[in-house]
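Curious how this folds, go ahead:
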Amino acid sequence: MPIELKQSAAMSRDMETARQSLVSKMLRWTPEQGLQETALDGVDLIRSDEATSCVSSVYEPSLGFLVQGKKTLQLGDKEISYGPLNYVASSVHLPVLGHVENASPDHPFLAIRLIIDPQEVTDLVLELGDKAPELEAEFECPEINCGLAVAQMDAGMLDAVSRLVGLLDSPADAPILAPLARREIIYRALMGDMGARMRKFASVDSQANRISRVIAVLKDRFSEPLRVSDLADEANMSESSLYHSFKQVTRMSPLQFQKKLRLHEARRLMLTEGIEAASASYRVGYESPSHFSREYSRLFGLPPRADVSKLRGEQRVPA
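Numbering: from 1, shown residues only. Okay, the predicted model is just below:
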């Protein structure tokens, strides 16, 4: 069953006014569709003027704030649909599918991506100590360990996000105030509905944190042959425990995760470095170009050459 977090019917007039103000700020800085990098470190703005088909991408550890429109994400067997004033937390690198709904030139999809250094979260968790609310034991469940989740923005979070985006209009103030706004946003996430989940990934002794270390190894060594026993040793876990916990966090097996990382890197190599599909397949660890081509087509919907040609001819909206 898909997880859908709907906008509350009782959203206050003040919240809606603040959201519309943020929409106006974003429209000034997103003249075209696609992902717009900004002068603020780790802050990207995303716009789409139309609904999109499913796009495959790898999410970095980040917070994603949806300001206008609707979007659906799929991570393995988990589906999340969310709309205005919802935000998504990706606690680790995750390969996802996503598509934009309900967008038009007059009412574009608008979102903000804030890239998060996991150390920022860890430092703030340590500073907060026991001030951060804990998850009630009776509500503990495997879902809390998933690396992708959605929550509702409150007035404080919306205000902090709006002030951060507003600094694009005040470049002289940004070097001092942007880091403060970032810290406030992370603080409000930790103190809100997302806090228990984020703290699990920051806690050194937690299963979620151990899996995040395994994901870091896979990301750095995805082209090497995969041995689950080596990954289990890295996390100080048994192989069966690693497999079970890895699937809780990523909704896929370590082998499936590695395959998606390989295919995304091959796509990047062909698109940005102009190398041929066969060479890209060898670079990312495939032994057979034909096997690579089949798996590439299965993930991206087109053979490598056709997919890259299509991407070069259009401006993509990230998943």
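
Setting aside sequence neighbours, what's the nearest residue to residue 89?
In space, and not counting its chain neighbours, residue 89 is closest to residue 194: 5.1 Å by Cβ to Cβ, 6 or more residues apart in numbering. For the C-beta atoms, the positions are set from N, CA and C on the backbone; glycine is no exception.

Next, find the distance separating the one you found from residue 247.
21 Å (Cβ to Cβ, to the nearest Å).

ok, back up a step: phi, psi for the residue nearest to residue 89 please.
phi -90, psi -10 (degrees, to the nearest 10).

What pLDDT does the model give it?
Residue 194 carries a pLDDT value of 85.

Just list the residues touching it, thanks.
The contact partners of residue 194, by Cβ atoms under 8 Å, 6 or more residues apart in numbering, come to 87, 89, 149, 151.

switch to 7 Å and redo it
89, 149, 151 (Cβ atoms under 7 Å, 6 or more residues apart in numbering).

Any regions of the stretch 151-300 of the chain where pLDDT drops low?
Applying pLDDT under 70 to the stretch 151-300 of the chain flags residues 204-205.

Now do the strands in the stretch 51-200 of the chain.
55-59, 62-68, 70-75, 78-82, 86-90, 94-101, 109-115, 148-152 (DSSP state E, counting those that start in this stretch).

So which of those strands is nearest residue 267?
With Cβ to Cβ, the closest approach to residue 267 among the strands of the stretch 51-200 of the chain belongs to strand 55-59: 8.7 Å.

all helices for the stretch 101-250 of the chain, in order.
Using DSSP state H, counting those that start in this stretch, the helices of the stretch 101-250 of the chain run over residues 118-128, 155-166, 174-191, 195-202, 207-220, 228-235, 239-250.

Let me know which of the ones you listed is tucked in deepest.
helix 195-202 (a mean of 22; mean count of other Cβ atoms under 10 Å).

tilt between that one and helix 207-220?
Going by axes from the mean of the first three to the mean of the last three Cα atoms, to 10 degrees, helix 195-202 is angled at 60 degrees with respect to helix 207-220.

Roughly how far does residue 102 sit from residue 68?
9 Å.

between the two, which one's more packed in?
residue 68 (21 against 13; other Cβ atoms under 10 Å).

Of the helices of the stretch 101-250 of the chain, which is nearest residue 28?
Across the helices of the stretch 101-250 of the chain, closest to residue 28 is helix 155-166 (Cβ to Cβ), at 9.7 Å.

hey, C-alpha coordinates of that closest one in CSV?
C-alpha atoms of helix 155-166 as CSV (Å, rounded to 0.1, in the frame of the first residue of the first chain):
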residue,chain,number,x,y,z
ALA,A,155,5.1,26.9,10.8
GLY,A,156,8.6,27.1,12.2
MET,A,157,10.1,24.8,9.5
LEU,A,158,8.3,26.7,6.8
ASP,A,159,9.6,30.0,8.1
ALA,A,160,13.2,28.7,8.3
VAL,A,161,13.1,27.3,4.8
SER,A,162,11.6,30.6,3.4
ARG,A,163,14.3,32.6,5.1
LEU,A,164,17.0,30.4,3.6
VAL,A,165,15.6,30.8,0.1
GLY,A,166,15.1,34.5,0.7
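
how far is that helix from where the chain is centred?
19 Å (Cα atoms, centre = their mean, to the nearest Å).

for stretch 89-101, same thing?
With Cα atoms, centre = their mean, you get 4 Å for stretch 89-101.

Outline the domain layout of the protein.
13-202, 204-318 (the TED database).

Give me the most central residue, this structure.
Most central in the chain under Cα atoms, centre = their mean is residue 59, positioned 3.6 Å from the mean C-alpha point.

What separation do you get for the closest residue in space to it that isn't next to it in sequence and residue 20?
Nearest non-adjacent residue to residue 59, counting by Cβ to Cβ, 6+ apart: residue 90, 4.1 Å away. Remark: distance between residue 90 and residue 20 (Cβ to Cβ) = 27 Å.

What of residue 184?
22 Å.

hmm, back to that, ok now do the residue nearest to the centre of the chain, which residues does it touch?
Here residue 59 is in contact with 90, 93, 94, 96 (Cβ under 7 Å, 6+ apart).

and the longest helix along the chain, which residues are buried?
What stands out as the longest helix in the chain, according to DSSP state H, is helix 254-273. Residues 254, 257-267, 269-271 are the ones in helix 254-273 that count as buried (16 or more other Cβ atoms under 10 Å).

what's it packed up against?
strand 94-101, helix 207-220, helix 277-283, helix 289-300, helix 304-312 (3 or more Cβ pairs under 7 Å, 6 or more residues apart in numbering; DSSP states H and E).

List of residues touching that helix?
Residues contacting helix 254-273 (Cβ under 7 Å, 6+ apart): 58, 95, 218-219, 222-223, 226, 228, 231, 246, 250, 275, 277, 280-281, 283-285, 295-296, 299-300, 304, 308, 311.

tell me how far that helix is from the chain's mean position?
For helix 254-273, the distance to the chain centre is 17 Å (Cα atoms, centre = their mean).
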